[in-house]
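Student: what follows is a predicted structure for the sequence shown.
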Amino acid sequence: DAGVIQSPRHEVTEMGQEVTLRCKPISGHNSLFWYRQTMMRGLELLIYFNNNVPIDDSGMPEDRFSAKMPNASFSTLKIQPSEPRDSAVYFCASSLIAGGDNEQFFGPGTRLTVL
Amino acid sequence: AQSVSQHNHHVILSEAASLELGCNYSYGGTVNLFWYVQYPGQHLQLLLKYFSGDPLVKGIKGFEAEFIKSKFSFNLRKPSVQWSDTAEYFCAANDYKLSFGAGTTVTVRA
């Protein structure tokens, strides 16, 4: 298995532009997670899905952020409009199910820079 | 949800020194605990996990961690570090979602 796949690996954009990050979880995994990592705030859970349904989006910072999972093999995290403070590394992770002793497998991350 | 605290922000040590990283979690019920490692420029990888049984857990690359329920702790140890252990280490606890500590940067000097 190729593991969790994220694209793009790097994204540089200007303030006000729309940014879409993509994730393909490991086949057979039913839970998908989006995290944001910054120096100031560390690793934060933004949202997670079980069986394509958003379960907890309490970590989404504001309405500019939205996430979708239209099917079991694809998810997007969209920021519209983007702001410089959104600059961070965004990780996607997947697991068989959420919770318990289930390991989360992380993708390589998307490094977002908003100018 | 869990709250996880890691005691050290940055640890610097020489090769062959012993390493111990502290981790405490907040929830007193059933909890699943993890240590992840993030090598420079790479994604997070699982080092080890605890969910039940022997409180001394052995992971990859010579790492181990001890679960002490009475202290709400899950400290990570390695008896002799190598330069390649330079990385950021994250403790995490899972009840219904995974909560991460702030991370500890470990720098091993050759």
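Tutor: The structure has been received and is ready for your questions. Residues are numbered from 1 along each chain as shown, chains lettered A, B, ... in the order given.
Student: so what's the residue sitting nearest the centre point of chain A bridging to?
Tutor: Taking CA atoms, centre = their mean, the centroid of chain A lies closest to A:W34, which sits 3.0 Å from it. Legend: beta-bridge partners of A:W34 under DSSP bridges are A:I47, A:C92.
Student: then A:L112?
Tutor: Beta-bridge partners of A:L112, as defined by DSSP bridges: A:E11, A:A88.
Student: for residue 107, what are its contacts?
Tutor: You didn't say which chain, so I picked chain A. Going by CB atoms under 8 Å, 6 or more residues apart in numbering or on different chains, A:G107 touches A:G3, A:V4, A:I5, A:Q6, A:C23, A:F91, A:C92, A:A93, B:H43. C-beta: built from backbone N, CA, C; applies to glycine.
Student: wrong one, chain B
Tutor: B:H10, B:V11, B:I12, B:L13, B:T86.
Student: quick one: the closest residue to the first one other than its chain neighbours from chain A, how far?
Tutor: To tie it back to what came earlier, the one meant is B:H10. Nearest residue to B:H10 in three dimensions, chain neighbours excluded: B:T105, at 4.7 Å (CB to CB, 6 or more residues apart in numbering or on different chains). Relative to chain A, B:T105 is positioned 11 Å away (CB to the nearest CB, to the nearest Å).
Student: pLDDT score assigned to B:T105?
Tutor: Note on B:T105: pLDDT of 95.
Student: same thing with B:A1?
Tutor: 62.
Student: my read: A:Q80 touches A:V19, true?
Tutor: Yes - when contacts are counted by CB atoms under 8 Å, A:Q80 is listed as touching A:V19 (7.4 Å).
Student: more crowded one of these two?
Tutor: Taking neighbours as other CB atoms under 10 Å in any protein chain shown, A:Q80 and A:V19 compare with A:V19 leading, 21 against 13.
Student: measure that one to chain B for me?
Tutor: A:V19 is 20 Å from chain B, by CB to the nearest CB.
Student: so that residue sits against A:L112, correct?
Tutor: Yes - A:V19 lies in contact with A:L112 (CB under 8 Å); the separation is 6.4 Å.
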